[in-house]
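Engineer: My questions are about this predicted structure, shown below with the sequence.
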Amino acid sequence: MRRLGVLLVTAALAAGCSVGGSTDAKPGDRTVVLVTHDSFDVDQALLDQFRTQTGINVDIRKNGDAGALTNQLVLTKSAPLGDLAFGVDNTFASRVLDEGVFAEYRSPEADKGPQKYAVDDKNRLTAVDVGDVCVNVDPAFLAGRETEAPKTFDDLADARYKDQLVVEDPATSSPGLAFLLATVAHYGPDGWVGYWQRLKANGVKVVSGWEEAYSQDFSGSSGKGPRPLVVSYASSPSAEIGDDGKPHTTALLDTCFRQVEYAGVLNGAKNPDDARKVLDWMLSEPFQKQVPDKMYVYPSRDGVALPDAWQKAAPLPDESATLPAKDIQANRERWIEQWRAAVRG
Amino acid sequence: MARGRPGLIAPVAAAVLPLGFLAVFFLWPVAAIIRLGLGPGVGAVLGRAETWGILGFTLGQAAAATVVAVLAGLPVAFLLARTSLRGNGFVRTVVMVPFVLPTVVVGLAFRSLLPAGGPVAIVLANAFFNVAVVARTVSGLWSHVDRRAEDAARSLGASRWRAFTSVTLPMLRPAIGSSAAVVFLFCATSFGVVLLLGGGEYATLETEIYLRTVEMLDLPGAAALSLLQVGAVVAVLVIGAVTRRRATSLRLRGRAETARRPVGGEWGVVAAAWVVVVALLVPIGSLVARSFSGGLAGYRAMTGTGYRGSLQVTGWEAIDNSLRAATDATLLALVLGVLASVAVVSLGRARIRPSVVETVDTAMMLPLGVSAVTVGFGYLVTLDALPGDLRTSPVLVPLAQALVVTPLVIRMLLPVLRAIDNRLRQAAATLGAAPWRVWREIDVPLAARALLGATAFGYVVALGEFGATSFLARPDTATLPVVIGRLVARPGELNNQMAYAACTLLMLVTAAIVIIVDRLRVSSVGEF
């Protein structure tokens, strides 16, 4: 085993020269390890400023998508990967709460908006951002065929929109799952399967991920695909603004499902005090202000101005569908199975 | 006894490091995560017809892709090994390029070329990635195979085809067999291609293990599928080892005397090789074309961080990160690969039973065929027991990459070391050279070129590595493939253009590495 120890140290030193060198904590630093998913991002200047002001160094460790992150947190709850976790969403929240992954902490900032998305009366998770999954439409494409843009779920199953909708598989894609949940919330446990049968009869196309659906099948993106309707995000139109300054896609605000992303201090954190301060910072106005550009989501805090492009093209939907985290946890696998039988079968 | 088995201590000591690395960073984590899932659930999953359907599809698509890669790779190997034509350097470079491309962009490219997707698209995309393995491995051996045996067969009246099938092909069998084994492993564990082109309708063991482990935390189900995967991989490796057995007794010739201008029907083979090259260029070309869809906007964007700052690093910083991470992984893999090769060769020379030697050799290949997710989740439940908790350390990136690159290094070094005439070494020893001096004076100079080739190949593989890196790289250390994956996951025309520009630059960096190494006139007797 000693030989292995030597190997590890050697490997660590060798790798440290190039990979780890620049950002590793110096002795005496207060470091908070933030465990998160691939889509997390933060303005570097803001991060540096936080370090200068508080002396706390935030060490960001990414761990796959939201599902991967959640399940890794569950697997490692007895020896947590860090101090703070961000990125568990309302479709996975129930599982981590049941497993006791997070410690209780009520941030003083939580009352300024985040609290309305609370999933847990013990305040173990705090909402940092929300992002709605909605059908996006390319109105120019439809106008070319003298068709108006659809508005509702029922419209999507209408013959006028035959072969025009592309969605993601809920088993392999997070927006795909959110859209499935939106239909469950809208049509209820007895009606949603029938709706999907109508969609299938109307030529809905299913692909495995957002990348293919949005950038290849959707006509409104740079890929100029053949379908004018796609399951994407309420925020997506903000990235499709033409040279004339006008958005050329829109989100159908009556087809949205609200995804809420939470952060929480991990049980067994090495540095829980500083982790709480980092959580407070993530709810602060400067941090909240940059989540749209950095992560394509909306701030959970009230009264934070959206970037111009968002105000023009991607307002936050007023009334999005949602389901209790417990129901999602209890039924997710069964719903996906039923969906497969209805759409693939 | 000590005289009967000279120098056993040294090879055993050399084997300790690579085998220890394998044990700690592969066997232990994999065993731990499978053990967590063991229970009645495993039997239930194994009892389902669906499970065996998935196994069948996994093996079927991998076998088909391997056949396509071998059929496409052989004419290219002939072109590179037996002819001295203009354009061969270009061909040598082109076949390597697919290796570094992130699966997500190749998947998207194939999807627009073959909109129907499905098994045919999956097989073609997997073959696209792996033609290089066959072409470069087989041409490495072919260019050193004595041409006179073939000529003798021809002068005795054999047709060109007959001479090929009964003289040349048997000599090439070890290279074909073991490159096919590597291709099979790569295809059997391919993940992104199956998801993207299968449209969710086709599942392989790899995609199913991913979904069950990562999205559902169904550890019993994942354990059952992982056991199936390990079983299948070991079976393939054993078959590969058997076909390699007779690799050593060839008389190798210098390249110059085997390459010449093609004659007669050989032009047909050259034409076939160029058809393959053109077929490889179609997806590559479509990626390059997309990178210019906005003029040079995508390339100009490389100095920035994407549309409205989608990234935390600029494109150029990502290239820098890529080169650094690949350097670390390659250095580590070289140390481990050289030690393992030396150990295997020395054990063979010390007349240890071949089965022991083959077991060591085969064990080092295992990481190529086992799901990265199984290994990654295995790390989570084991590595905290080591000092310094490596689970979320950036150090784990080069370690995980080395796991994949090391077997490739071994496959390139072993045949050369094995082909070194032992009488040379004995002569040196008789003249009084100590064992380490024999290595320094005889083996190292002879193997140096193969080592250089292995370095380049390992570097290219590490450069393109996506799975482990995306799991572990921090935002400020994101590599180019990670950045590309991130850009295509964001809306916005500029992000898309920048992603494809980054792809094109990644291909250029790869081509530059291949060209530089070829300029060093590396003799590439690789066996894979």
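Structural biologist: Everything's here; your move.

Engineer: what sits against residue B:180?
Structural biologist: Neighbouring residues of residue B:180 by Cβ atoms under 8 Å, 6 or more residues apart in numbering or on different chains: B:66, B:69-70, B:134, B:240. Where you see a C-beta, it was placed from the backbone N, CA and C, and this is true even at glycine.

Engineer: Among those residues, which ones are in helices?
Structural biologist: Judged by DSSP state H, the contacts of residue B:180 include B:66, B:69-70, B:134, B:240 as members of helices.

Engineer: Need the max-distance pair from those residues.
Structural biologist: B:69 and B:240 (14.7 Å; Cβ to Cβ).

Engineer: The two: which is more packed in?
Structural biologist: Comparing residue B:69 with residue B:240 by other Cβ atoms under 10 Å in any protein chain shown, the one with more neighbours is residue B:69, at 28 against 23.

Engineer: Let me see the contact set for that one.
Structural biologist: Applying Cβ under 8 Å, 6+ apart, the residues contacting residue B:69 are B:126-127, B:130-131, B:133-134, B:180, B:183, B:187.

Engineer: What is the nearest of the residues you listed to chain A?
Structural biologist: residue B:126 (16.2 Å; Cβ to the nearest Cβ).

Engineer: and the gap between that closest one and residue A:310?
Structural biologist: Residue B:126 sits 41 Å away from residue A:310, going by Cβ to Cβ, to the nearest Å.

Engineer: got it, and residue A:142?
Structural biologist: 23 Å.

Engineer: Identify the residue of the stretch 101-250 of chain B closest to chain A, quick one.
Structural biologist: Using Cβ to the nearest Cβ, the closest approach of the stretch 101-250 of chain B to chain A is made by residue B:200 at 3.7 Å.

Engineer: quick one: pLDDT of that residue?
Structural biologist: Looking at residue B:200, its pLDDT reads 72.

Engineer: So in chain A, which helix runs the longest?
Structural biologist: Under DSSP H, chain A gives helix A:174-201 as its longest helix.

Engineer: do that one and chain B meet?
Structural biologist: No - applying Cβ under 8 Å from any Cβ of the partner chain, one finds helix A:174-201 separated from chain B by no less than 8.8 Å.

Engineer: Partner strands of whichever helix or strand comes after that helix, with direction?
Structural biologist: Counting by DSSP states H and E, the next helix or strand C-terminal to helix A:174-201 is strand A:205-207. Strand A:205-207 has its sheet partners listed here by DSSP bridges as strand A:165-168 (parallel).

Engineer: need the helix or strand of chain B with the lowest average pLDDT.
Structural biologist: Every helix and strand of chain B was ranked by mean pLDDT, DSSP states H and E. The lowest is helix B:467-472, at a mean of 64.

Engineer: Which element is encountered next along the chain beyond it?
Structural biologist: Using DSSP H and E, the next helix or strand after helix B:467-472 towards the C-terminus is helix B:480-488.

Engineer: so how far is that next one off the chain centroid?
Structural biologist: Relative to its chain's centre, helix B:480-488 lies at 21 Å (Cα atoms, centre = their mean, to the nearest Å).

Engineer: check whether the helix or strand that it is followed by contacts chain A.
Structural biologist: Using DSSP H and E, the next helix or strand after helix B:480-488 towards the C-terminus is helix B:493-519. Yes - using Cβ under 8 Å from any Cβ, helix B:493-519 reaches chain A at B:493, B:495-497.

Engineer: Next, format those as CSV and append pLDDT and neighbour count.
Structural biologist: Formatted as CSV, these follow (pLDDT from 0 to 100; neighbours: other Cβ atoms under 10 Å in any protein chain shown):
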residue, pLDDT, neighbour count
B:493, 84, 20
B:495, 86, 23
B:496, 86, 27
B:497, 88, 25
